[in-house]
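Visitor: Below is the sequence, then the predicted model.
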Amino acid sequence: MRPERITLLENKRIILAVTGSIAVYKAVDLASKLTQAGSAVDVIMTEAAQKFVAPITFQSVTGRSVYTHLWQAASGVSLPTHIAHVGLGEGADLMGIIPATANTMAKLAHGLADDLLSVTALAARCPVVIAPAMDGGMYEHTATQANVATLIERGAYLIEPEEGRFASGLVGRGRLPETTTLIGHIRQILGRDGALQGRKVVVTAGGTREAFDPVRFITNHSSGKQGYALAQAALDAGARVTLISTTRTLPVPVGAMLVPVDSTQDMLDAVLAQTQDADALVMAAAVSDFRPATKAEQKIKKSADDSAGLTVTLVRNPDILQTVKARRDATGSPRVVVGFAAESENLLEHAQDKLRRKGLDLIAANDITATDAGFAADTNRVILLDKDGSQEILELMTKAMVSERIIERVALLLG
Ligand code: C5P
């Protein structure tokens, strides 16, 4: 199990074209992460890019030749033809111009073909994604904006630069996003024709928080990791994804719409609103069955007469899945509903009972007593039970892999 592998990126050939920006150092990390994820990364460097980083750096992290000039032969690696500027583009899955300078974008917008990058961009038939990076307000210039608009109109994907501090010390929009964001965009483009293309999937994540005063709440050990991984897997399959989450610390997968919530009641409201036009709901959240009967307006203080302790009365929360079931029985929507069963005993019995009671199509049962699975772990050991009585026992795998298997089942159920 190699946690850095990403199924969508496995065996993809990516052309990473880097231009003369200080942000080239971030492209080294990107090349490394894409390679670890399983892609073959062919790097093209402009002359200016080589002022910032040497070709050997990219060659070291990708294990492949780096291309620096137009007349270079494609030797020693598997390209479809020996003419580098044709061979690189031929059969590539994606070309990323990351970071892209104002100069390179101007050239591409006008179809110039005077170096390996610009010739390859003309020859490539794969999606092209451009991540501009430049200092000192050059991105905001009308000329740059016009070139960006031309490239988008022609079908290029844009990764917007971020606001922040430049190498010059100035502050503005023009910074290249971090690797995880860049990879998130690349995944969205590569996954666009996936099995869930055109579908909307709602995923819930994290443990609900039930407040009893303005600073204290009751919750559980759920980290939200499984839910976030499910959102990413649905995005990789081409879905539109809404992530209803109590977790604030995990990075939101690129392309997911986040609906932050705290309590079970908030989550219920959000689920009902978001599933109105959804194809599938995956309830990975660990929902509190009880909440404090009242919430104090002010922070509860110690006092002289509380030596016997403080009693917090709990009342039952609504069951979100039961509520969804009631609506679904009437409207038929969402078509597919998946639940989770985290159990410390009689796993299958409890899971089967929940599947039936909550009207689920599929339930992912996991034994929370295992140390390598369940809450907070990066791995999970899950059994998938469906409403027709079939059982699929998944071996120990990353939460990302578990998510892919669940999302595959969702796609099958949607037909
Ligand atoms: O009944 P239990 O909490 O074990 O059921 C687990 C499944 O039901 C999970 O998918 C969880 O998200 C969902 N659930 C719910 N509303 C609750 C409690 C759990 O939708 N109040």
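Guide: Right, received. Where do you want to start?

Visitor: Now do the same contact list for residue 343.
Guide: By C-beta atoms under 8 Å, 6 or more residues apart in numbering, the residues touching residue 343 are 350, 351, 365, 366, 367, 368. The way it works is simple: take the backbone N, C-alpha and C, and place the C-beta from them, glycine included.

Visitor: Hmm, I typed the wrong one, I wanted residue 281.
Guide: Taking C-beta under 8 Å, 6+ apart as the test, what residue 281 contacts is 201, 202, 203, 204, 271, 275, 324, 334, 336, 337, 338.

Visitor: surely the second one meets residue 276?
Guide: No - taking contacts as C-beta atoms under 8 Å, residue 202 lies outside contact range of residue 276: 9.8 Å.

Visitor: neighbour-wise, which of these two wins?
Guide: When neighbours are counted by other C-beta atoms under 10 Å, residue 202 comes out ahead of the other of residue 202 and residue 276, with 30 against 13.

Visitor: Give me the three-state assignment for residue 201.
Guide: Using DSSP: H, G, I helix; E, B strand; the rest coil, the structure places residue 201 in strand.

Visitor: Dihedrals phi and psi, the nearest residue in space to residue 58 that is not next to it in sequence?
Guide: Excluding the flanking residues, the one nearest residue 58 by C-beta to C-beta, 6 or more residues apart in numbering is residue 43, at 4.2 Å. Per-residue torsions, residue 43: phi -100, psi 130 (degrees, to the nearest 10).

Visitor: Quick check, pLDDT for residue 43.
Guide: At residue 43, the pLDDT value in this model is 97.

Visitor: how far away is it from the ligand?
Guide: Per C-beta to the nearest ligand atom, to the nearest Å, residue 43 is found 44 Å from the ligand.

Visitor: Repeat that for residue 219.
Guide: Going from residue 219 to the ligand by C-beta to the nearest ligand atom gives 13 Å.

Visitor: what's the answer for residue 35, then?
Guide: Distance from residue 35 to the ligand, by C-beta to the nearest ligand atom: 37 Å.

Visitor: Does residue 325 belong to a helix, a strand or coil?
Guide: Using three-state DSSP, the structure places residue 325 in helix.

Visitor: now the helices: where do they sit in the protein?
Guide: Ranges of helices within the chain are 24-37, 49-52, 55-62, 84-87, 102-109, 116-123, 142-153, 179-190, 225-236, 264-274, 320-331, 347-357, 399-414, based on DSSP state H.

Visitor: Among those helices, which one carries the weakest average confidence?
Guide: Looking at the helices of the chain, the bottom one is helix 84-87 with a mean of 78.

Visitor: Would you mind writing the CA trace of it as PDB?
Guide: Taking C-alpha atoms only, helix 84-87 is exported to PDB below (Å, rounded to 0.1, in the frame of the first residue of the first chain):
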ATOM      1  CA  ALA A  84      10.500  15.800 -29.100                       C
ATOM      2  CA  HIS A  85       8.100  18.600 -29.900                       C
ATOM      3  CA  VAL A  86       5.700  16.200 -31.600                       C
ATOM      4  CA  GLY A  87       6.300  13.200 -29.400                       C
END
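
Visitor: Pull the distance from that helix to the chain's centre.
Guide: Centroid separation for helix 84-87 versus its chain: 32 Å, with C-alpha atoms, centre = their mean, to the nearest Å.

Visitor: mind starting the numbering at 56 from now?
Guide: Yes, from this point I'll number from 56; that puts the last item at helix 139-142.

Visitor: Any stretches of the stretch 306-455 of the chain with poor pLDDT?
Guide: Scanning the stretch 306-455 of the chain for pLDDT under 70 picks out 428-429, 431.

Visitor: where does it come near the ligand, residue by residue?
Guide: Proximity of the stretch 306-455 of the chain to the ligand (C-beta under 6 Å from any ligand atom) is limited to residues 319, 338, 340, 342, 344, 372, 374-376, 394-396, 409.

Visitor: how much space between the residue nearest to the spatial centre of the chain and residue 239?
Guide: In the chain, the residue lying closest to the centroid (C-alpha atoms, centre = their mean) is residue 308, at 2.9 Å. Relative to residue 239, residue 308 is positioned 6 Å away (C-beta to C-beta, to the nearest Å).

Visitor: So which bits of stretch 377-385 are buried?
Guide: Across stretch 377-385, burial judged by 16 or more other C-beta atoms under 10 Å covers 379, 380, 383.

Visitor: nearest to residue 444, of those?
Guide: Closest approach to residue 444 among the buried residues of stretch 377-385 (C-beta to C-beta): residue 380, at 18.9 Å.

Visitor: Tell me who's in contact with the residue nearest to that closest one when sequence neighbours are not counted.
Guide: Distances taken as C-beta to C-beta, 6+ apart place residue 414 nearest to residue 380, at 3.8 Å, with adjacent residues excluded. Shown in contact with residue 414 (C-beta under 8 Å, 6+ apart): 376, 380, 383, 384, 392.

Visitor: Next, format those as a markdown table and append distance to residue 294.
Guide: A markdown table is the format used below for the contacts of residue 414 (distance: C-beta to C-beta, whole Å):
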| residue | distance to residue 294 |
| --- | --- |
| 376 | 20 |
| 380 | 22 |
| 383 | 19 |
| 384 | 24 |
| 392 | 15 |
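
Visitor: and residue 182, what are its phi and psi?
Guide: Torsion angles, degrees, to the nearest 10, at residue 182: phi -60, psi 140.

Visitor: Now do the contacts for it.
Guide: With contacts defined as C-beta under 8 Å, 6+ apart, residue 182 is in contact with 149, 150, 210, 212, 244.

Visitor: Tell me if I'm right that the first one and residue 69 touch.
Guide: I take that to be residue 149. Yes - if you go by C-beta under 8 Å, residue 149 and residue 69 touch, sitting 5.2 Å apart.

Visitor: so what's in contact with those two at the same time?
Guide: Common neighbours of residue 149 and residue 69 (criterion: C-beta under 8 Å, 6+ apart): residue 241.

Visitor: now, among the contacts of residue 414, which is nearest to residue 297?
Guide: Of those, the one sitting nearest to residue 297 (C-beta to C-beta) turns out to be residue 392, at 14.6 Å.

Visitor: That's all I had, so thanks and see you.
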